[in-house]
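Asker: The following block contains a protein sequence and its predicted model.
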Amino acid sequence: MKKAQFWLWTASLATYAFLYIPLAVVVLFSFNDSVLNAEWVGFTTRWYVKLLHDDDMLHAAANSLLIALVSSSVSTVLGAMAGLAMHRYRPRWLPFLVLTPVAMPEILLGVSLLLFFRQVLDLSLGLFSILAAHITFSIGFVAVIVRARLAGMDESIFEAARDLGATPWATFHRVTLPLIMPALVAGFLMAFTLSIDDFVITFFVAGVGVNTLPLQIYSMIKVAVTPEVNAVSTLLMALTLTLILVASRFAPDVLKGRS
Amino acid sequence: MSEPRTQPSGLTKWVVTLPPTIFLLAFFLVPALIVVLAGFRETGEFGGLAPLPQLSLDAYRFLGGDVIYLEIFARSFLVAALTTLICIVLAYPLAWLIARSPKQRRDFLVLLVILPFASNFLVRIYAWIMLLGPVNLLYTPFAVIVGMVYAHLPFMVLPLYTNLEKHDPALLEAAQDLGANAWTRFWRVTFPLSLPGIFSGSALVFIPVLGMFAVPELLGGTGDILIGNLIKEQFLENRDWPLGSALSIMLTICVLLLAGLTAWGSKRGLHGTEAVT
(Lines give C-alpha, C1' and ligand atoms only; values in the text may rest on other atoms or scores of the structure.)
Protein backbone atom coordinates (compact mmCIF):
# COMPACT_ATOMS: atom_id res chain seq x y z
CA MET A 1 0.00 0.00 0.00
CA LYS A 2 2.87 2.38 0.82
CA LYS A 3 4.32 1.74 -2.61
CA ALA A 4 0.98 2.49 -4.26
CA GLN A 5 0.78 5.77 -2.32
CA PHE A 6 4.26 6.70 -3.48
CA TRP A 7 3.40 6.19 -7.15
CA LEU A 8 0.13 8.03 -6.78
CA TRP A 9 1.92 11.07 -5.40
CA THR A 10 4.68 10.89 -8.01
CA ALA A 11 2.20 10.68 -10.88
CA SER A 12 0.09 13.52 -9.47
CA LEU A 13 3.04 15.80 -8.86
CA ALA A 14 4.26 15.14 -12.40
CA THR A 15 0.85 16.14 -13.74
CA TYR A 16 0.82 19.32 -11.67
CA ALA A 17 4.30 20.10 -13.01
CA PHE A 18 3.03 19.51 -16.55
CA LEU A 19 0.26 22.03 -15.90
CA TYR A 20 2.43 24.72 -14.32
CA ILE A 21 5.93 24.61 -15.83
CA PRO A 22 4.98 25.92 -19.30
CA LEU A 23 3.19 28.93 -17.83
CA ALA A 24 6.00 29.56 -15.35
CA VAL A 25 8.44 29.64 -18.28
CA VAL A 26 6.28 32.23 -20.09
CA VAL A 27 6.21 34.46 -17.01
CA LEU A 28 9.91 33.99 -16.26
CA PHE A 29 11.04 34.91 -19.76
CA SER A 30 8.92 38.05 -19.78
CA PHE A 31 11.56 39.39 -17.37
CA ASN A 32 14.52 38.12 -19.38
CA ASP A 33 16.94 40.70 -20.74
CA SER A 34 17.37 39.07 -24.14
CA VAL A 35 15.53 39.30 -27.45
CA LEU A 36 15.82 35.55 -27.86
CA ASN A 37 13.65 33.37 -25.65
CA ALA A 38 16.45 30.83 -25.43
CA GLU A 39 18.46 31.30 -22.28
CA TRP A 40 18.28 33.41 -19.15
CA VAL A 41 20.48 36.52 -19.42
CA GLY A 42 19.36 38.89 -16.67
CA PHE A 43 16.37 40.60 -15.10
CA THR A 44 14.61 43.43 -16.92
CA THR A 45 11.21 45.09 -17.14
CA ARG A 46 11.91 46.61 -20.51
CA TRP A 47 9.41 44.37 -22.35
CA TYR A 48 6.65 45.79 -20.21
CA VAL A 49 7.83 49.31 -20.94
CA LYS A 50 7.89 48.45 -24.63
CA LEU A 51 4.28 47.25 -24.38
CA LEU A 52 3.22 50.64 -23.07
CA HIS A 53 4.59 52.24 -26.23
CA ASP A 54 3.13 49.71 -28.64
CA ASP A 55 0.18 51.51 -30.22
CA ASP A 56 -1.31 48.41 -31.88
CA MET A 57 -1.23 46.59 -28.58
CA LEU A 58 -2.76 49.45 -26.61
CA HIS A 59 -5.47 49.84 -29.20
CA ALA A 60 -6.26 46.12 -29.06
CA ALA A 61 -6.32 46.23 -25.25
CA ALA A 62 -8.73 49.17 -25.28
CA ASN A 63 -11.02 47.32 -27.70
CA SER A 64 -10.91 44.20 -25.56
CA LEU A 65 -11.82 46.11 -22.41
CA LEU A 66 -14.67 47.96 -24.11
CA ILE A 67 -16.08 44.76 -25.63
CA ALA A 68 -15.73 42.88 -22.35
CA LEU A 69 -17.43 45.64 -20.37
CA VAL A 70 -20.41 46.01 -22.70
CA SER A 71 -20.90 42.32 -23.47
CA SER A 72 -20.65 41.23 -19.83
CA SER A 73 -23.12 43.91 -18.73
CA VAL A 74 -25.69 42.88 -21.34
CA SER A 75 -25.16 39.16 -20.77
CA THR A 76 -25.52 39.64 -17.00
CA VAL A 77 -28.99 41.14 -17.53
CA LEU A 78 -30.09 38.60 -20.14
CA GLY A 79 -28.43 35.71 -18.27
CA ALA A 80 -30.14 36.69 -15.00
CA MET A 81 -33.49 36.73 -16.79
CA ALA A 82 -32.77 33.35 -18.33
CA GLY A 83 -31.68 31.93 -14.95
CA LEU A 84 -34.83 33.26 -13.26
CA ALA A 85 -37.04 31.97 -16.06
CA MET A 86 -35.43 28.52 -16.02
CA HIS A 87 -35.85 28.31 -12.26
CA ARG A 88 -39.41 29.62 -11.99
CA TYR A 89 -41.26 28.88 -15.19
CA ARG A 90 -39.21 26.01 -16.63
CA PRO A 91 -39.98 26.65 -20.31
CA ARG A 92 -38.77 23.60 -22.19
CA TRP A 93 -36.91 25.45 -24.95
CA LEU A 94 -34.88 27.79 -22.79
CA PRO A 95 -32.21 25.40 -21.41
CA PHE A 96 -31.55 24.27 -24.99
CA LEU A 97 -31.17 27.84 -26.25
CA VAL A 98 -29.08 28.93 -23.29
CA LEU A 99 -26.74 25.96 -22.91
CA THR A 100 -26.11 24.79 -26.48
CA PRO A 101 -23.91 27.78 -27.42
CA VAL A 102 -21.75 26.91 -24.39
CA ALA A 103 -21.55 23.19 -25.17
CA MET A 104 -20.93 23.22 -28.91
CA PRO A 105 -17.46 23.54 -30.42
CA GLU A 106 -16.65 27.24 -30.59
CA ILE A 107 -15.80 27.16 -34.28
CA LEU A 108 -19.42 26.26 -35.14
CA LEU A 109 -20.79 29.31 -33.34
CA GLY A 110 -18.08 31.42 -34.99
CA VAL A 111 -18.84 30.39 -38.57
CA SER A 112 -22.61 30.52 -38.11
CA LEU A 113 -22.41 34.11 -36.87
CA LEU A 114 -20.02 34.99 -39.70
CA LEU A 115 -22.53 33.69 -42.25
CA PHE A 116 -25.42 35.40 -40.46
CA PHE A 117 -23.80 38.83 -40.36
CA ARG A 118 -22.33 38.80 -43.84
CA GLN A 119 -24.99 36.94 -45.78
CA VAL A 120 -28.27 37.66 -44.04
CA LEU A 121 -27.84 41.03 -42.36
CA ASP A 122 -25.27 42.14 -44.94
CA LEU A 123 -23.44 44.05 -42.22
CA SER A 124 -19.71 44.52 -42.17
CA LEU A 125 -18.07 42.75 -39.29
CA GLY A 126 -16.70 44.67 -36.35
CA LEU A 127 -17.59 45.77 -32.84
CA PHE A 128 -21.27 44.94 -33.16
CA SER A 129 -20.78 41.39 -34.43
CA ILE A 130 -18.13 40.71 -31.76
CA LEU A 131 -20.48 42.00 -29.04
CA ALA A 132 -23.38 39.88 -30.28
CA ALA A 133 -21.16 36.79 -30.36
CA HIS A 134 -19.72 37.35 -26.88
CA ILE A 135 -23.16 37.94 -25.36
CA THR A 136 -24.45 34.76 -27.02
CA PHE A 137 -21.88 32.50 -25.37
CA SER A 138 -21.84 34.33 -22.01
CA ILE A 139 -25.59 34.20 -21.29
CA GLY A 140 -25.36 30.48 -20.48
CA PHE A 141 -22.65 30.95 -17.85
CA VAL A 142 -24.54 33.73 -16.06
CA ALA A 143 -27.83 31.82 -16.27
CA VAL A 144 -26.32 28.70 -14.70
CA ILE A 145 -24.78 30.67 -11.82
CA VAL A 146 -28.03 32.57 -11.14
CA ARG A 147 -30.15 29.43 -11.34
CA ALA A 148 -27.85 27.63 -8.89
CA ARG A 149 -28.22 30.53 -6.45
CA LEU A 150 -32.02 30.52 -6.75
CA ALA A 151 -32.20 26.75 -6.35
CA GLY A 152 -30.56 27.05 -2.94
CA MET A 153 -33.12 29.54 -1.64
CA ASP A 154 -36.35 29.13 0.23
CA GLU A 155 -39.27 30.02 -2.05
CA SER A 156 -41.41 31.08 0.91
CA ILE A 157 -39.50 34.39 1.06
CA PHE A 158 -40.95 35.39 -2.28
CA GLU A 159 -44.39 34.21 -1.25
CA ALA A 160 -44.16 36.21 1.94
CA ALA A 161 -43.36 39.35 -0.05
CA ARG A 162 -46.38 38.78 -2.25
CA ASP A 163 -48.67 38.00 0.68
CA LEU A 164 -47.62 41.29 2.22
CA GLY A 165 -48.86 43.03 -0.87
CA ALA A 166 -45.68 43.63 -2.84
CA THR A 167 -46.06 44.08 -6.59
CA PRO A 168 -43.98 41.78 -8.83
CA TRP A 169 -41.56 44.65 -9.43
CA ALA A 170 -41.28 45.45 -5.72
CA THR A 171 -40.71 41.77 -4.95
CA PHE A 172 -37.97 41.65 -7.54
CA HIS A 173 -36.39 44.93 -6.55
CA ARG A 174 -36.58 44.51 -2.76
CA VAL A 175 -36.25 40.73 -2.33
CA THR A 176 -35.02 38.80 -5.36
CA LEU A 177 -32.38 41.24 -6.56
CA PRO A 178 -30.52 41.60 -3.24
CA LEU A 179 -30.59 37.82 -2.81
CA ILE A 180 -29.15 37.02 -6.22
CA MET A 181 -26.64 39.90 -6.16
CA PRO A 182 -23.60 37.67 -5.40
CA ALA A 183 -24.55 35.47 -8.37
CA LEU A 184 -24.85 38.54 -10.58
CA VAL A 185 -21.42 39.81 -9.57
CA ALA A 186 -19.88 36.38 -10.13
CA GLY A 187 -21.68 36.01 -13.45
CA PHE A 188 -20.56 39.44 -14.59
CA LEU A 189 -16.92 38.72 -13.74
CA MET A 190 -17.15 35.33 -15.41
CA ALA A 191 -18.61 36.85 -18.58
CA PHE A 192 -15.96 39.57 -18.51
CA THR A 193 -13.20 36.96 -18.30
CA LEU A 194 -14.70 34.86 -21.09
CA SER A 195 -15.02 37.89 -23.33
CA ILE A 196 -11.55 39.28 -22.77
CA ASP A 197 -10.05 35.81 -23.29
CA ASP A 198 -12.04 34.68 -26.30
CA PHE A 199 -10.05 33.96 -29.41
CA VAL A 200 -11.83 31.41 -31.62
CA ILE A 201 -15.24 33.04 -31.99
CA THR A 202 -13.83 36.56 -32.17
CA PHE A 203 -11.45 35.37 -34.89
CA PHE A 204 -14.40 34.61 -37.17
CA VAL A 205 -16.61 37.60 -36.44
CA ALA A 206 -14.01 40.38 -36.07
CA GLY A 207 -13.53 41.16 -39.75
CA VAL A 208 -10.55 43.30 -40.68
CA GLY A 209 -11.19 46.53 -38.84
CA VAL A 210 -11.26 45.66 -35.16
CA ASN A 211 -8.41 44.05 -33.25
CA THR A 212 -8.64 42.54 -29.77
CA LEU A 213 -5.89 41.46 -27.40
CA PRO A 214 -6.13 37.71 -28.22
CA LEU A 215 -6.23 38.49 -31.96
CA GLN A 216 -3.15 40.68 -31.55
CA ILE A 217 -1.35 37.90 -29.65
CA TYR A 218 -2.34 35.43 -32.35
CA SER A 219 -0.92 37.52 -35.17
CA MET A 220 2.28 38.02 -33.15
CA ILE A 221 2.90 34.36 -32.31
CA LYS A 222 2.17 33.30 -35.88
CA VAL A 223 5.20 35.31 -36.91
CA ALA A 224 7.71 34.91 -34.13
CA VAL A 225 8.35 34.22 -30.48
CA THR A 226 9.21 37.51 -28.78
CA PRO A 227 9.58 38.55 -25.13
CA GLU A 228 6.89 41.17 -25.71
CA VAL A 229 4.36 38.34 -26.17
CA ASN A 230 5.54 36.92 -22.86
CA ALA A 231 4.96 40.26 -21.18
CA VAL A 232 1.45 40.76 -22.54
CA SER A 233 0.63 37.12 -21.75
CA THR A 234 1.77 37.60 -18.16
CA LEU A 235 -0.36 40.71 -17.73
CA LEU A 236 -3.41 39.02 -19.24
CA MET A 237 -2.86 36.01 -16.98
CA ALA A 238 -2.67 38.23 -13.89
CA LEU A 239 -5.88 40.01 -14.91
CA THR A 240 -8.01 36.92 -15.57
CA LEU A 241 -6.60 35.15 -12.51
CA THR A 242 -7.68 38.06 -10.32
CA LEU A 243 -11.14 38.22 -11.90
CA ILE A 244 -11.76 34.51 -11.47
CA LEU A 245 -10.60 34.50 -7.86
CA VAL A 246 -12.82 37.48 -7.07
CA ALA A 247 -15.75 35.80 -8.86
CA SER A 248 -15.22 32.64 -6.83
CA ARG A 249 -15.57 34.62 -3.60
CA PHE A 250 -19.04 35.74 -4.65
CA ALA A 251 -20.16 32.33 -5.88
CA PRO A 252 -17.94 29.55 -4.51
CA ASP A 253 -19.08 27.09 -7.18
CA VAL A 254 -17.89 29.24 -10.08
CA LEU A 255 -14.50 27.56 -10.17
CA LYS A 256 -16.04 24.13 -10.26
CA GLY A 257 -18.70 25.07 -12.75
CA ARG A 258 -16.47 26.21 -15.58
CA SER A 259 -17.04 24.05 -18.58
CA MET B 1 -35.34 23.91 -1.84
CA SER B 2 -39.12 23.87 -2.12
CA GLU B 3 -40.54 23.82 -5.65
CA PRO B 4 -41.59 27.22 -6.95
CA ARG B 5 -45.38 27.55 -6.86
CA THR B 6 -47.59 29.07 -9.51
CA GLN B 7 -46.96 32.72 -10.15
CA PRO B 8 -49.75 35.26 -9.75
CA SER B 9 -48.84 37.31 -12.80
CA GLY B 10 -48.49 35.88 -16.30
CA LEU B 11 -46.97 39.16 -17.44
CA THR B 12 -43.87 38.78 -15.26
CA LYS B 13 -43.21 35.44 -16.84
CA TRP B 14 -42.98 36.93 -20.31
CA VAL B 15 -41.01 39.97 -19.21
CA VAL B 16 -38.37 37.62 -17.81
CA THR B 17 -38.47 34.88 -20.45
CA LEU B 18 -38.77 36.78 -23.73
CA PRO B 19 -35.64 38.96 -23.89
CA PRO B 20 -33.07 36.13 -23.55
CA THR B 21 -35.20 33.87 -25.74
CA ILE B 22 -35.44 36.44 -28.55
CA PHE B 23 -31.75 37.27 -28.34
CA LEU B 24 -30.69 33.64 -28.54
CA LEU B 25 -33.16 32.87 -31.33
CA ALA B 26 -31.66 35.72 -33.33
CA PHE B 27 -27.98 35.12 -32.64
CA PHE B 28 -27.78 31.38 -32.05
CA LEU B 29 -30.67 29.40 -33.55
CA VAL B 30 -31.25 31.41 -36.75
CA PRO B 31 -27.51 31.53 -37.63
CA ALA B 32 -27.28 27.77 -36.96
CA LEU B 33 -30.19 27.11 -39.33
CA ILE B 34 -28.58 29.35 -41.94
CA VAL B 35 -25.49 27.14 -41.89
CA VAL B 36 -27.72 24.15 -42.64
CA LEU B 37 -29.26 26.02 -45.61
CA ALA B 38 -25.91 27.33 -46.82
CA GLY B 39 -24.65 23.78 -47.14
CA PHE B 40 -27.17 23.28 -49.94
CA ARG B 41 -26.32 26.46 -51.84
CA GLU B 42 -23.78 27.09 -54.58
CA THR B 43 -20.72 29.26 -54.39
CA GLY B 44 -21.25 32.80 -55.67
CA GLU B 45 -19.23 34.31 -58.48
CA PHE B 46 -16.98 36.14 -56.04
CA GLY B 47 -17.05 33.57 -53.28
CA GLY B 48 -19.66 33.55 -50.53
CA LEU B 49 -23.05 32.25 -51.60
CA ALA B 50 -24.84 32.39 -54.94
CA PRO B 51 -28.28 34.09 -55.08
CA LEU B 52 -31.03 32.06 -53.49
CA PRO B 53 -33.14 30.07 -55.97
CA GLN B 54 -30.34 27.66 -56.74
CA LEU B 55 -30.14 24.81 -54.29
CA SER B 56 -27.72 21.99 -54.82
CA LEU B 57 -25.91 19.14 -53.22
CA ASP B 58 -22.62 20.21 -54.80
CA ALA B 59 -20.95 20.90 -51.48
CA TYR B 60 -21.74 17.43 -50.22
CA ARG B 61 -20.80 15.76 -53.51
CA PHE B 62 -17.44 17.44 -53.36
CA LEU B 63 -17.08 16.03 -49.85
CA GLY B 64 -17.83 12.49 -50.90
CA GLY B 65 -15.73 12.74 -54.05
CA ASP B 66 -12.40 13.59 -52.52
CA VAL B 67 -10.51 11.19 -50.33
CA ILE B 68 -8.61 13.99 -48.63
CA TYR B 69 -11.70 15.07 -46.67
CA LEU B 70 -12.27 11.56 -45.42
CA GLU B 71 -8.61 11.43 -44.42
CA ILE B 72 -8.86 14.68 -42.46
CA PHE B 73 -12.01 13.50 -40.65
CA ALA B 74 -10.30 10.22 -39.80
CA ARG B 75 -7.19 12.04 -38.58
CA SER B 76 -9.31 14.37 -36.43
CA PHE B 77 -11.00 11.39 -34.77
CA LEU B 78 -7.61 9.76 -34.22
CA VAL B 79 -6.14 12.90 -32.64
CA ALA B 80 -9.26 13.34 -30.47
CA ALA B 81 -9.16 9.69 -29.37
CA LEU B 82 -5.46 9.81 -28.55
CA THR B 83 -5.86 13.10 -26.65
CA THR B 84 -8.78 11.64 -24.67
CA LEU B 85 -6.83 8.49 -23.82
CA ILE B 86 -3.76 10.41 -22.63
CA CYS B 87 -6.01 12.72 -20.60
CA ILE B 88 -7.59 9.69 -18.89
CA VAL B 89 -4.17 8.25 -18.02
CA LEU B 90 -2.86 11.58 -16.67
CA ALA B 91 -6.07 12.59 -14.91
CA TYR B 92 -6.84 9.32 -13.13
CA PRO B 93 -4.05 9.30 -10.52
CA LEU B 94 -4.57 13.01 -9.87
CA ALA B 95 -8.37 12.71 -9.51
CA TRP B 96 -7.90 9.67 -7.26
CA LEU B 97 -5.36 11.48 -5.07
CA ILE B 98 -7.65 14.51 -4.69
CA ALA B 99 -10.69 12.33 -3.92
CA ARG B 100 -8.74 10.46 -1.20
CA SER B 101 -7.31 13.63 0.39
CA PRO B 102 -8.68 15.07 3.64
CA LYS B 103 -11.81 17.12 2.96
CA GLN B 104 -10.32 20.52 3.76
CA ARG B 105 -7.47 19.97 1.29
CA ARG B 106 -9.64 18.83 -1.64
CA ASP B 107 -10.92 22.23 -2.77
CA PHE B 108 -7.39 23.60 -2.81
CA LEU B 109 -6.09 20.69 -4.90
CA VAL B 110 -8.99 21.14 -7.35
CA LEU B 111 -8.25 24.87 -7.53
CA LEU B 112 -4.65 24.01 -8.46
CA VAL B 113 -5.94 22.03 -11.44
CA ILE B 114 -8.15 24.88 -12.66
CA LEU B 115 -5.88 27.88 -12.10
CA PRO B 116 -3.67 27.37 -15.19
CA PHE B 117 -6.89 27.83 -17.13
CA ALA B 118 -7.10 31.38 -15.98
CA SER B 119 -4.45 31.99 -18.61
CA ASN B 120 -5.47 32.78 -22.14
CA PHE B 121 -5.92 29.84 -24.48
CA LEU B 122 -3.34 31.29 -26.90
CA VAL B 123 -0.86 31.84 -24.09
CA ARG B 124 -1.10 28.14 -23.23
CA ILE B 125 -0.30 27.26 -26.84
CA TYR B 126 2.43 29.88 -26.96
CA ALA B 127 4.07 28.30 -23.90
CA TRP B 128 4.53 25.11 -25.90
CA ILE B 129 5.91 27.01 -28.91
CA MET B 130 8.57 28.30 -26.50
CA LEU B 131 9.27 24.90 -24.96
CA LEU B 132 9.17 22.69 -28.05
CA GLY B 133 10.88 25.07 -30.48
CA PRO B 134 14.41 24.75 -29.10
CA VAL B 135 14.24 20.93 -28.98
CA ASN B 136 13.06 20.69 -32.61
CA LEU B 137 9.68 19.15 -31.75
CA LEU B 138 7.62 22.07 -32.97
CA TYR B 139 5.42 21.57 -36.07
CA THR B 140 5.09 17.82 -35.50
CA PRO B 141 2.09 15.59 -34.70
CA PHE B 142 3.67 15.16 -31.25
CA ALA B 143 3.41 18.90 -30.61
CA VAL B 144 -0.26 18.86 -31.67
CA ILE B 145 -1.09 16.08 -29.19
CA VAL B 146 0.83 17.77 -26.36
CA GLY B 147 -0.99 21.04 -27.03
CA MET B 148 -4.38 19.30 -27.17
CA VAL B 149 -3.78 17.40 -23.91
CA TYR B 150 -2.53 20.55 -22.21
CA ALA B 151 -5.57 22.54 -23.31
CA HIS B 152 -8.13 19.95 -22.15
CA LEU B 153 -6.72 18.07 -19.14
CA PRO B 154 -8.86 19.74 -16.41
CA PHE B 155 -12.03 18.76 -18.30
CA MET B 156 -11.06 15.16 -17.56
CA VAL B 157 -9.83 15.66 -13.99
CA LEU B 158 -12.98 17.41 -12.73
CA PRO B 159 -15.71 14.91 -13.71
CA LEU B 160 -13.45 12.03 -12.74
CA TYR B 161 -12.80 13.58 -9.33
CA THR B 162 -16.51 14.24 -8.66
CA ASN B 163 -17.18 10.61 -9.50
CA LEU B 164 -14.36 9.11 -7.41
CA GLU B 165 -15.21 11.33 -4.45
CA LYS B 166 -18.63 9.67 -4.18
CA HIS B 167 -17.30 6.08 -3.97
CA ASP B 168 -18.01 4.38 -0.68
CA PRO B 169 -14.70 3.29 0.92
CA ALA B 170 -16.57 0.35 2.48
CA LEU B 171 -16.70 -1.28 -0.97
CA LEU B 172 -12.92 -1.44 -1.15
CA GLU B 173 -12.69 -2.71 2.43
CA ALA B 174 -15.19 -5.42 1.62
CA ALA B 175 -13.17 -6.41 -1.45
CA GLN B 176 -10.02 -6.51 0.66
CA ASP B 177 -11.70 -8.64 3.34
CA LEU B 178 -12.72 -11.04 0.62
CA GLY B 179 -9.07 -11.40 -0.37
CA ALA B 180 -8.78 -9.13 -3.43
CA ASN B 181 -5.34 -7.56 -3.88
CA ALA B 182 -4.85 -3.88 -4.76
CA TRP B 183 -4.75 -4.60 -8.50
CA THR B 184 -7.99 -6.60 -8.45
CA ARG B 185 -9.67 -4.05 -6.19
CA PHE B 186 -8.91 -1.32 -8.69
CA TRP B 187 -9.96 -3.14 -11.85
CA ARG B 188 -12.99 -4.92 -10.40
CA VAL B 189 -14.37 -2.22 -8.09
CA THR B 190 -13.03 1.31 -8.55
CA PHE B 191 -12.60 1.36 -12.31
CA PRO B 192 -16.06 0.05 -13.27
CA LEU B 193 -17.67 2.47 -10.81
CA SER B 194 -15.74 5.38 -12.31
CA LEU B 195 -16.91 4.72 -15.88
CA PRO B 196 -19.61 7.44 -15.81
CA GLY B 197 -16.91 9.96 -14.81
CA ILE B 198 -14.68 8.73 -17.62
CA PHE B 199 -17.55 9.04 -20.09
CA SER B 200 -18.41 12.62 -19.10
CA GLY B 201 -14.74 13.64 -19.12
CA SER B 202 -14.22 12.03 -22.51
CA ALA B 203 -17.11 14.00 -23.99
CA LEU B 204 -15.68 17.23 -22.60
CA VAL B 205 -12.29 16.47 -24.16
CA PHE B 206 -13.16 14.65 -27.39
CA ILE B 207 -15.79 17.12 -28.68
CA PRO B 208 -13.78 20.36 -28.43
CA VAL B 209 -10.66 18.66 -29.83
CA LEU B 210 -12.60 17.66 -32.97
CA GLY B 211 -13.33 21.29 -33.83
CA MET B 212 -10.02 22.83 -32.75
CA PHE B 213 -8.07 24.76 -35.36
CA ALA B 214 -5.63 26.91 -33.37
CA VAL B 215 -3.56 24.06 -31.91
CA PRO B 216 -2.80 22.32 -35.25
CA GLU B 217 -2.25 25.67 -36.90
CA LEU B 218 0.25 26.97 -34.36
CA LEU B 219 1.93 23.76 -33.17
CA GLY B 220 1.45 21.37 -36.11
CA GLY B 221 3.02 21.05 -39.53
CA THR B 222 1.23 21.38 -42.86
CA GLY B 223 0.22 17.71 -42.73
CA ASP B 224 -1.42 17.99 -39.33
CA ILE B 225 -4.57 19.93 -40.25
CA LEU B 226 -7.89 18.80 -38.76
CA ILE B 227 -11.59 19.41 -39.45
CA GLY B 228 -11.41 22.78 -37.71
CA ASN B 229 -8.65 24.00 -40.03
CA LEU B 230 -10.59 22.79 -43.05
CA ILE B 231 -13.68 24.73 -41.97
CA LYS B 232 -11.67 27.84 -41.19
CA GLU B 233 -10.00 27.66 -44.60
CA GLN B 234 -13.34 27.56 -46.44
CA PHE B 235 -14.74 30.54 -44.59
CA LEU B 236 -11.74 32.83 -44.36
CA GLU B 237 -9.38 31.90 -47.19
CA ASN B 238 -11.16 30.09 -50.06
CA ARG B 239 -14.49 31.79 -49.43
CA ASP B 240 -16.24 28.54 -50.35
CA TRP B 241 -19.10 29.00 -47.90
CA PRO B 242 -21.27 26.09 -49.08
CA LEU B 243 -18.41 23.64 -48.58
CA GLY B 244 -17.52 25.25 -45.23
CA SER B 245 -21.16 24.94 -44.16
CA ALA B 246 -21.36 21.33 -45.31
CA LEU B 247 -18.23 20.56 -43.28
CA SER B 248 -19.72 22.35 -40.24
CA ILE B 249 -22.88 20.25 -40.55
CA MET B 250 -20.81 17.06 -40.69
CA LEU B 251 -18.94 18.19 -37.58
CA THR B 252 -22.24 18.99 -35.84
CA ILE B 253 -23.57 15.52 -36.67
CA CYS B 254 -20.41 13.93 -35.23
CA VAL B 255 -20.75 16.05 -32.07
CA LEU B 256 -24.42 15.13 -31.62
CA LEU B 257 -23.71 11.43 -32.10
CA LEU B 258 -20.88 11.59 -29.56
CA ALA B 259 -22.98 13.53 -27.06
CA GLY B 260 -25.75 10.96 -27.41
CA LEU B 261 -23.27 8.14 -27.01
CA THR B 262 -21.79 9.57 -23.81
CA ALA B 263 -25.21 10.29 -22.34
CA TRP B 264 -26.12 6.67 -22.99
CA GLY B 265 -22.76 5.49 -21.58
CA SER B 266 -23.11 7.54 -18.39
CA LYS B 267 -26.58 6.17 -17.74
CA ARG B 268 -25.35 2.62 -18.00
CA GLY B 269 -22.89 3.20 -15.15
CA LEU B 270 -23.82 1.70 -11.77
CA HIS B 271 -23.93 5.06 -10.05
CA GLY B 272 -26.03 7.77 -11.64
CA THR B 273 -23.17 10.17 -10.96
CA GLU B 274 -23.14 13.38 -12.90
CA ALA B 275 -20.23 15.52 -13.96
CA VAL B 276 -19.83 18.95 -12.47
CA THR B 277 -19.86 20.62 -15.81
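Answerer: Happy to help now that I have it.
Asker: give the contact list for the residue of the stretch 1-150 of chain A found nearest chain B.
Answerer: Closest to chain B within the stretch 1-150 of chain A is A:Pro105: 3.0 Å, counting by Cβ to the nearest Cβ. Heads up, the C-betas are built off the backbone N, CA and C, glycines and all. By Cβ atoms under 8 Å, 6 or more residues apart in numbering or on different chains, the contact list for A:Pro105 reads B:207-208, B:210-212, B:228, B:251, B:255.
Asker: Any regions of the stretch 1-150 of chain B where pLDDT drops low?
Answerer: For the stretch 1-150 of chain B, residues meeting the criterion pLDDT under 70 lie at B:1-9, B:42-65.
Asker: isn't there a strand covering B:Arg41?
Answerer: No: looking at B:Arg41 with DSSP: H, G, I helix; E, B strand; the rest coil, it is coil, so not inside a strand.
Asker: is the longest helix seen in chain B up against chain A anywhere?
Answerer: The longest helix of chain B (DSSP state H) is helix B:67-100. Yes: shown here: helix B:67-100 in contact with chain A (Cβ under 8 Å from any Cβ of the partner chain) through B:90-91, B:93-94, B:96-97.
Asker: before we move on, back to that, can you tell me which of the contacts of A:Pro105 end up in helices?
Answerer: Short answer: the contacts of A:Pro105 in helices (DSSP H) are B:207-208, B:210-211, B:228, B:251, B:255.
Asker: tell me, which of those residues make contact with chain A?
Answerer: Answer for those near chain A (Cβ under 8 Å from any Cβ): B:207-208, B:210-211, B:228, B:251, B:255.
Asker: wait, which of those is closest to A:Leu236?
Answerer: Of all these, B:Pro208 has the smallest distance to A:Leu236: 21.0 Å, by Cβ to Cβ.
Asker: which residues sit in contact with that closest one?
Answerer: B:Pro208 sits in contact with A:105-106, B:152, B:155, where contact means Cβ under 8 Å, 6+ apart.
Asker: cool, A:Leu239 as well?
Answerer: A:Ile196.
Asker: so it is in which element?
Answerer: According to DSSP states H and E, A:Leu239 maps onto helix A:227-250.
Asker: burial count for the residue nearest to B:Leu137 when sequence neighbours are not counted?
Answerer: Of all residues not flanking B:Leu137 in the chain, B:Ala143 sits nearest, at 5.6 Å (Cβ to Cβ, 6 or more residues apart in numbering or on different chains). Look at B:Ala143: counted by other Cβ atoms under 10 Å in any protein chain shown, it has 24 neighbours.
Asker: Just give the closest residue to residue 234, not the sequence neighbours.
Answerer: Picking chain A for this. A:Thr234 sits nearest to A:Ser30 (Cβ to Cβ, 6+ apart), 4.6 Å away.
Asker: right idea, wrong chain: chain B
Answerer: B:Gly244 (3.1 Å).
Asker: How about the contacts made by that neighbour?
Answerer: Applying Cβ under 8 Å, 6+ apart, the residues near B:Gly244 are A:111, B:231, B:233-235.
Asker: try A:Ala166
Answerer: A:Ala166 touches A:174-175, counting by Cβ under 8 Å, 6+ apart.
Asker: cool, B:Ala38 as well?
Answerer: B:Ala38 touches A:115, A:119, B:49, B:241-242, B:245, counting by Cβ under 8 Å, 6+ apart.
Asker: How many neighbouring residues does the residue nearest to A:Thr234 have?
Answerer: Neighbours around A:Ser30, by other Cβ under 10 Å: 23.
Asker: Model confidence for it, exactly?
Answerer: For A:Ser30, the model assigns a pLDDT of 90.
Asker: which element is residue 201 on?
Answerer: The chain I'm using is chain A. Going by DSSP H and E, A:Ile201 is in helix A:200-205.
Asker: looking at chain B here, not the other one
Answerer: helix B:191-211.
Asker: Return the set of buried residues in that helix.
Answerer: Buried residues in helix B:191-211, defined by neighbour count with 16 or more other Cβ atoms under 10 Å in any protein chain shown: B:193-211.
Asker: angle of that helix against helix B:67-100?
Answerer: Angle of helix B:191-211 versus helix B:67-100, following axes from the mean of the first three to the mean of the last three Cα atoms, to 10 degrees, is 140 degrees.
Asker: What lies in contact with the next helix or strand after helix B:191-211?
Answerer: Using DSSP H and E, the helix or strand that follows helix B:191-211 in sequence is helix B:214-219. Helix B:214-219 has contacts (Cβ under 8 Å, 6+ apart) with A:199-200, A:218, A:221-222, B:121-122, B:125-126, B:128-129, B:132, B:138-139, B:143-144, B:146-148, B:151, B:224-226, B:228-229, B:232.
Asker: No further queries at this time; thank you.
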